[in-house]
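1. I'd like to go over a predicted model; first the sequence, then the structure.
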Amino acid sequence: MQLLRFVGAAALAAAAACGSSSIYGGGGGAPCTGQGADVVVSANASLRFSPESILITTGKKVCWQNTASFTHTVTSDTGTVLNSGNVGGGSFYVHTFGATGTVAYHCAIHQGSGMVGKVVIQ
Ligand SMILES: [Cu+2]
């Protein structure tokens, strides 16, 4: 019990110290599964983010998996919190959210087709 309490405290401390950061990569397979993401959002072949809106807490790691065979982006509507650049088919983009707020984003290539999403961080 004592050990469990210690591990819990360490995990909390690590989360609190964790700022905003991004990871890029992937290609083939299901790379989000190896990223330790708390939430996975697919950027799919139907030009949609799924789920389109997610609710998380600070310190959570979100992985966008491009499940299409073509390129998408994960790009903040305003600011640069999410700025994936081109994410090729089968690749992923990971971002850990360090601050509360609402981040509306879109795919820079398919925004005109309604490919938009939102992350609410509490
Ligand atoms: Cu797209």
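-> Nice, I can see it.
2. host element of the residue nearest the centre of the chain?
-> The C-alpha lying nearest the average C-alpha coordinate of the chain belongs to Val62 (Cα atoms, centre = their mean; 3.0 Å). Assigned by DSSP states H and E, Val62 belongs to strand 61-66.
3. what about the helix or strand following that strand, distance to the chain center?
-> Note on strand 61-66: by DSSP H and E, the next helix or strand toward the C-terminus is strand 75-76. With Cα atoms, centre = their mean, to the nearest Å as the basis, strand 75-76 stands 11 Å off its chain's centre.
4. what's the answer for stretch 70-78, then?
-> Relative to the centre of its chain, stretch 70-78 is centred 11 Å away, using Cα atoms, centre = their mean.
5. And the nearest residue to the residue nearest to the centre of the chain once chain neighbours are set aside, what's its pLDDT?
-> Leaving aside its chain neighbours, Val62 sits nearest to Val39 (4.8 Å; criterion: Cβ to Cβ, 6 or more residues apart in numbering). To be clear about C-beta, it is placed using only N, CA and C from the backbone, and glycine gets the same treatment. Val39 carries a pLDDT value of 96.
6. residues contacting Val39?
-> The contact partners of Val39, by Cβ atoms under 8 Å, 6 or more residues apart in numbering, come to Ile54, Ile56, Lys60, Lys61, Val62, Cys63.
7. from what I can see the second one touches Val41, true?
-> No. Counting by Cβ atoms under 8 Å, no contact exists between Ile56 and Val41, whose distance comes to 10.7 Å.
8. Ser113 is in contact with Leu47, isn't it?
-> Yes. Ser113 lies in contact with Leu47 (Cβ under 8 Å); the separation is 4.5 Å.
9. more crowded one of the two?
-> The residue with more neighbours, out of Ser113 and Leu47, is Leu47; 17 against 11, by other Cβ atoms under 10 Å.
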